[in-house]
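> Provided below are the primary sequence and the corresponding predicted coordinates.
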Amino acid sequence: MNIFFGTDGWRDYLDSHINETSVALVAQAFADYVNQQGTGQQIAVAFDTRRNSGVFATIFSEVLSGNGINVLLSDKVVPTPVLSFTTKNKDCFAGVMITASHNPPVYNGIKFKSALGGPFSSEETRLVEEFLYKSAVRQSKTNVNIVDMLPDYISHIESLIDFSAIRKAGIPVLIDSMGGAGKTVLQDILHKHGCVATTIFGDASETFHGRLAEPIEQNLAPLMYELNRGNFAFGVATDGDADRVGVCLDNGKWLSAQNTILLLVDYLKRVRKASGGIIKTSSVSDKIRCFFEADDVPVHEVQVGFKYIADIMVKEIIAFGGEESGGFGFGMHIPERDGVFSSLMLLEMLAVSRFRKLSEYLADRQLAMGDIFYDRIDMHYDKPDKNNLLPWASESKISNIGDNKITKTASFLSSRGVVNGLKFILEGDCRWLLIRSSETENIIRYYAEGQNNKEVIELLSLGQNLLNKISNLKQKQA
């Protein structure tokens with residue numbers, strides 16, 4: 001079978017593609033890559049709650065062992081950020097997480113992690129892929145060491161979060177682990193420090209209890225229902241491998257990732273006085289730039305995908321990096337998304353304020369920073385010119401989007417070096433249109449931020465019209 005890696009690993013269908021044989025093949029390629037870098041390397045391996053994840057982690061570990069590589073294999077299901085922290089904390093050459101993150105339960109996957117605790121670079125992943133099918137699979141149990149990865153991770157975050165403030169505030173949080181790797185980790189940490197927390201769907205489920213384990217509004221009806229029934233400060237949900245978080249207010253309403261990012265950056269900079277710059281993916285609100293950019297606080301804008309955030313986090317002093325999908329990284333922690341740590345930071349943020357409900361805190365901060373007017377639409381597009389539209393648009397001299405003057409155009413490249421994202425910055429504050437073409441699906445995504453909801457709708461419509469005109473023009477020229 002043909003195995004094609006993504007930016008930091010491999011995700012595919014269980015059984016037909018990802019099975020014991022194919023996992024062993026990938027493990028052998030990974031072992032060959034590791035051994036090419038030098039002998040005596042150590043690798044950390046962990047797994048999520050999906051079907052066969054534990055089996056695949058054992059196979060992967062035994063193949064590494066068969067190639068003379070020392071392995072630290074988790075003794076239980078843990079979140080991806082726990083594996084990432086272990087990789088860095090134990091001075092491992094790399095880490096391997098068996099997970100398909102938020103994908104449906106018919107998928108599984110393999111994520112590669114760097115020695116610094118962040119995602120593998122695209123180049124590192126490509127080099128591993130080049131070793132596929134080059135060597136016969138070698139397997140042994142000799143160098144596999146079963147370890148508990150949680151204690152060191154918990155000790156680390158205990159040094160960073162003000163649990164005393166959370167305990168004194170007495171703010172109860174509701175946690176939806178969605179049957180994923182978060183399980184009751186967040187609740188257990190809070191209970192240890194005398195803080196109030198309740199978990200739903202904290203037991204491991206191969207099918208995530210019949211839901212998609214992606215913490216976005218349409219998947220969080222159970223969390224919203226329980227928030228409306230109970231007396232909680234707010235609710236959080238972590239995805240299948242607990243590296244992302246979704247937030248709901250105490251009244252059961254969804255808090256968008258855009259607002260969550262703004263609140264976190266505001267807290268880190270205004271209250272915690274965290275040093276360093278801020279990184280945001282191109283689809284995140286420009287309010288970050290408007291309110292926080294300064295000579296000593298550069299705001300970096302990168303391609304959509306947390307690996308692009310991590311690339312900067314390992315090189316510069318960074319306070320925070322965030323993406324629209326709910327992946328947040330903190331410079332004080334690791335260059336990795338962490339849904340557990342992000343939830344604790346939100347709790348601390350509320351605890352040290354004068355408010356005891358997140359809805360009240362949000363209302364107060366919106367008085368200072370205003371509302372975010374933003375939306376995104378995903379449009380099906382199955383014409384053969386899909387991947388040519390944005391390269392064509394980037395070569396065109398586009399000066400206006402409708403009646404809106406363009407002050408800057410930013411291009412973003414795919415892993416193959418082709419333009420797959422174009423962002424048009426428009427006159428005025430927080431006004432832009434972003435268009436992205438999916439590399440794997442027949443979808444073109446349109447994102448916009450404006451001064452009101454009507455303007456956002458208009459910008460999204462203008463974006464679709466723009467690509468349609470370019471497509472029609474190129475067809476006539478052909």
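Cool, got the structure.
> direction included, what does the longest strand anywhere in the chain pair up with?
Assignment by DSSP state E gives strand 404-413 as the longest strand of the chain. When sheet partners are counted by DSSP bridges, strand 404-413 sits next to strand 400-401 (antiparallel), strand 419-426 (antiparallel).
> low-confidence ranges in the stretch 151-300 of the chain?
Regions of the stretch 151-300 of the chain meeting the criterion pLDDT under 70 are absent.
> as a check, name the ranges of all strands in it.
173-176, 197-200, 234-238, 245-249, 254-255, 277-281, 299-302 (DSSP state E, counting those that start in this stretch).
> chain center to stretch 469-478: distance?
37 Å (C-alpha atoms, centre = their mean, to the nearest Å).
> just to revisit the earlier point, switch the strands paired with strand 404-413 over to CSV; also include mean pLDDT, distance to residue 54 and mean neighbour count.
Where you see a C-beta, it was placed from the backbone N, CA and C, and this is true even at glycine. Below are those laid out as CSV (pLDDT from 0 to 100; distance: least, C-beta to C-beta, whole Å; neighbours: other C-beta atoms under 10 Å):
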stretch, mean pLDDT, distance to residue 54, mean neighbour count
strand 400-401, 92, 50, 16
strand 419-426, 94, 36, 22
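> any idea which of those gets closest to residue 458?
Among those, the nearest to residue 458 by C-beta to C-beta is strand 400-401 (9.4 Å).
> what about the closest one, distance to the chain center?
Distance of strand 400-401 from its chain centroid, counting by C-alpha atoms, centre = their mean, is 32 Å.
> which ones are touching the residue lying closest to residue 263 once chain neighbours are set aside?
Closest residue to residue 263 apart from its sequence neighbours, by C-beta to C-beta, 6 or more residues apart in numbering: residue 365 at 6.2 Å. Residues in contact with residue 365 (C-beta atoms under 8 Å, 6 or more residues apart in numbering) are 262, 263, 266.
> so what's the first one up against?
What it means is residue 262. Per C-beta under 8 Å, 6+ apart, neighbours of residue 262: 285, 287, 288, 365, 369, 372.
> how does it look with 7 Å?
Contacts for residue 262 (C-beta atoms under 7 Å, 6 or more residues apart in numbering) come out as 285, 287, 288, 369, 372.
> spatially nearest residue to residue 297, not counting backbone neighbours?
residue 277 (5.9 Å).
> just checking, the one you found touches residue 321?
No - under the criterion of C-beta atoms under 7 Å, residue 277 makes no contact with residue 321, lying 9.1 Å away.
> these two: which has the busier surroundings?
Neighbour count, other C-beta atoms under 10 Å: between residue 277 and residue 321, residue 321 has more, with 30 against 21.
> which element is that one on?
strand 318-322 (DSSP states H and E).
> filter the contacts of residue 262 to the buried ones?
Buried members of the contacts of residue 262, counted by 16 or more other C-beta atoms under 10 Å: 285, 287, 288, 372.
> got these as a markdown table, with distance to residue 149 columns?
Shown next, in a markdown table, are the buried ones among the contacts of residue 262 (distance: C-beta to C-beta, whole Å):
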| residue | distance to residue 149 |
| --- | --- |
| 285 | 35 |
| 287 | 37 |
| 288 | 33 |
| 372 | 37 |
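> nearest to residue 130, of those residues?
Closest to residue 130 out of the buried ones among the contacts of residue 262 is residue 288 (38.0 Å), distances taken as C-beta to C-beta.
> for that closest one, give me its contacts.
When contacts are counted by C-beta under 7 Å, 6+ apart, residue 288 is found next to 261, 262, 265, 278, 280, 299.
> for the residue nearest to it when sequence neighbours are not counted, name its beta-bridge partners.
Spatially, and ignoring its direct neighbours in sequence, residue 288 is nearest to residue 280 (5.3 Å; C-beta to C-beta, 6+ apart). Counting by DSSP bridges, residue 280 forms beta bridges with residue 301, residue 322.
> the domain parsing of the chain - what is it?
9-150, 374-477 (automatic domain parsing).
> distance between the ends of the shortest one?
In this case it means domain 374-477. End-to-end distance of domain 374-477 (C-alpha to C-alpha, to the nearest Å): 35 Å.
> and that domain, how far out from the chain middle?
23 Å.
> quickly find the element holding residue 140.
Applying DSSP H and E, one finds residue 140 in no helix or strand.
> mind listing what it touches?
Taking C-beta under 7 Å, 6+ apart, we find residue 140 in contact with 62, 65, 66.
> residue 45 versus the residue nearest to the spatial centre of the chain, what's the distance?
Residue closest to the mean C-alpha point of the chain, counted by C-alpha atoms, centre = their mean, is residue 327 at 3.3 Å. Going from residue 327 to residue 45 by C-beta to C-beta, to the nearest Å gives 22 Å.
> and if you look at residue 23?
Using C-beta to C-beta, residue 23 is found at 11 Å from residue 45.
> shared neighbours, these two?
Contact criterion C-beta under 7 Å, 6+ apart; residues bridging residue 23 and residue 45 by contacting each: residue 60.
> out of those two, which sits in the more crowded spot?
residue 45 (29 against 22).
> contacting residues for that one?
57, 60, 61, 71, 72, 73, 74, 96.
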